[in-house]
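Asker: next input, structure requested:
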Amino acid sequence: MNAMSDQPSARLLLIAGAVVGGVVLIHLLQPILAPFLVGALLAYLGDPLVDRLEDRGLGRTTSVCLVFLGLTLLAVIALLIALPLLIDQFQLLSVRLQSLVQWLQGNVLPELKARLGDSASLSQAGQALGKNIGTAGDVIMRLWSRITGSSLAILGWISTLVLIPVVTFYLLRDWDILVAKIRDLLPRRIEGRASLIAKECDEILGAFIRGQLLVMTALAVIYTLGLWAVGLELALVLGLVAGLASIVPYMGFVVGIVAAVIAAWFQFQDIWVLVQVGVVFGVGQMLEGMVLTPLLVGDRIGLHPVAVIFALLAGGQLFGFVGVLLGLPAAAVIMVMLRHVHSSYLGSDFYGAVVESGQESDAPSTEDRTS
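Answerer: Numbers count the residues shown, from 1 in each chain. Reported below is the predicted structural model:
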């Protein structure tokens, strides 16, 4: 009897020890994990394409080479086109931020002083505004200068950029083999349940990551083209920011329209232009809700927007960029596990029984209470 009761406790201790050990290992290996996780993410995204090519009669290695070359070509074209434009946009953003700070110091702060009195706190706020926010537009350029000025940093960036495609290629080639080996290592008693949980996690992550990335890309293009048609100078930066923020539903719309309205007002100071900006984001939101999300993502996500925000922020707080990459998969696994625990709880005797006068009795059903 004691051996039977000690067995679940030992199993729980083993699972808890494995989880704690995994967290400690991630923390210790955090500086070198990023390229491997990015490569694993790219391999995960490309595996369905490789499987489809295999179904058409191509070999695994040939299919992997075709998908890998396609992804590489897209990345190179995107860098060649977007990088020079982004550098110009960031330089322009630096100038616009400095103009914004000057406007705040020249108009908003004097008005606040006139209404609230010339207090020391307002003076300190003005000094802090000019000191900190005034240089915010130069942060990226300074960071780039510091990176390019350090040979070790350059070597680190180059090694990371070289390592990502190498890891992606080999993981993509051996993806199905790795999954099969992991399944073979599972104890036969839990293999069926574990495979079911893994399949549900894959459906959630596949629908969210693959679909949401396509939605984010489409929205970034829509917002960028729309703001460019309006005549906004920062159309590319604002469109990309709105598209990236769309990883959480409605956040891209809110962040994008607020930033675009501020930029449009300081550039044109025309209400009609603000209306046009609102139309651009309204059209983008309608396309996202009625076309893009139903077509590319579907209704199988199951991840609540609040859970997505918490997973990204918590992962970033705990493990930095590595945590951001691990946040969504961890959230999906936890959600699937909680769903199974909830289902087991609803089917348990504990849920279907009530304690009354020190004894357990079945809870009356709805039909019994009605009768």
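Asker: strands of the stretch 1-150 of the chain, residue ranges please.
Answerer: With DSSP state E, counting those that start in this stretch, there are no strands along the stretch 1-150 of the chain.
Asker: for it, give me the ranges with low pLDDT.
Answerer: Within the stretch 1-150 of the chain, the ranges that satisfy pLDDT under 70 run 1-9, 11, 101, 104-105, 107-109, 111-150.
Asker: ok, which stretches of it are helices?
Answerer: Secondary structure of the stretch 1-150 of the chain, counting by DSSP state H, counting those that start in this stretch: helices at 2-28, 30-55, 60-103, 109-116, 120-132, 139-148.
Asker: which residues touch Trp175?
Answerer: Trp175 makes contacts with Ala43, Tyr44, Asp47, Val50, as judged by C-beta atoms under 8 Å, 6 or more residues apart in numbering. Where you see a C-beta, it was placed from the backbone N, CA and C, and this is true even at glycine.
Asker: nearest to Val23, of these?
Answerer: Tyr44 (21.7 Å; C-beta to C-beta).
Asker: can I assume the closest one is in contact with Phe208?
Answerer: No. Contact criterion C-beta atoms under 8 Å: Tyr44 and Phe208 do not qualify, at 11.8 Å.
Asker: show me which of those two is the more surrounded one.
Answerer: Neighbour count, other C-beta atoms under 10 Å: between Tyr44 and Phe208, Phe208 has more, with 23 against 19.
Asker: can you give me phi and psi for Asp174?
Answerer: Torsion angles at Asp174 (phi, psi; degrees, to the nearest 10) stand at phi -110, psi 20.
Asker: scratch that, Gly59 is what I was asking about
Answerer: The phi/psi pair for Gly59 (degrees, to the nearest 10) is phi -70, psi 160.
Asker: only C-alpha atoms, please: export stretch 275-293 in CSV.
Answerer: Presented in CSV, the C-alpha positions along stretch 275-293 are these (Å, rounded to 0.1, in the frame of the first residue of the first chain):
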residue,chain,number,x,y,z
VAL,A,275,-9.7,61.4,-41.2
GLN,A,276,-7.8,59.7,-44.0
VAL,A,277,-5.5,58.1,-41.5
GLY,A,278,-8.6,56.8,-39.6
VAL,A,279,-10.0,55.4,-42.8
VAL,A,280,-6.8,53.5,-43.5
PHE,A,281,-6.8,51.8,-40.1
GLY,A,282,-10.6,51.3,-40.3
VAL,A,283,-10.2,49.5,-43.6
GLY,A,284,-7.3,47.4,-42.2
GLN,A,285,-9.3,46.5,-39.1
MET,A,286,-12.3,45.4,-41.3
LEU,A,287,-10.0,43.3,-43.5
GLU,A,288,-8.4,41.7,-40.5
GLY,A,289,-11.7,40.8,-38.9
MET,A,290,-13.7,39.7,-41.9
VAL,A,291,-11.1,38.3,-44.3
LEU,A,292,-7.5,37.8,-42.9
THR,A,293,-8.2,36.3,-39.5
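Asker: buried sites along that stretch?
Answerer: Under the neighbour-count criterion of 16 or more other C-beta atoms under 10 Å, stretch 275-293 has Gln276, Val277, Val280, Phe281, Gly284, Gln285, Glu288, Leu292, Thr293 buried.
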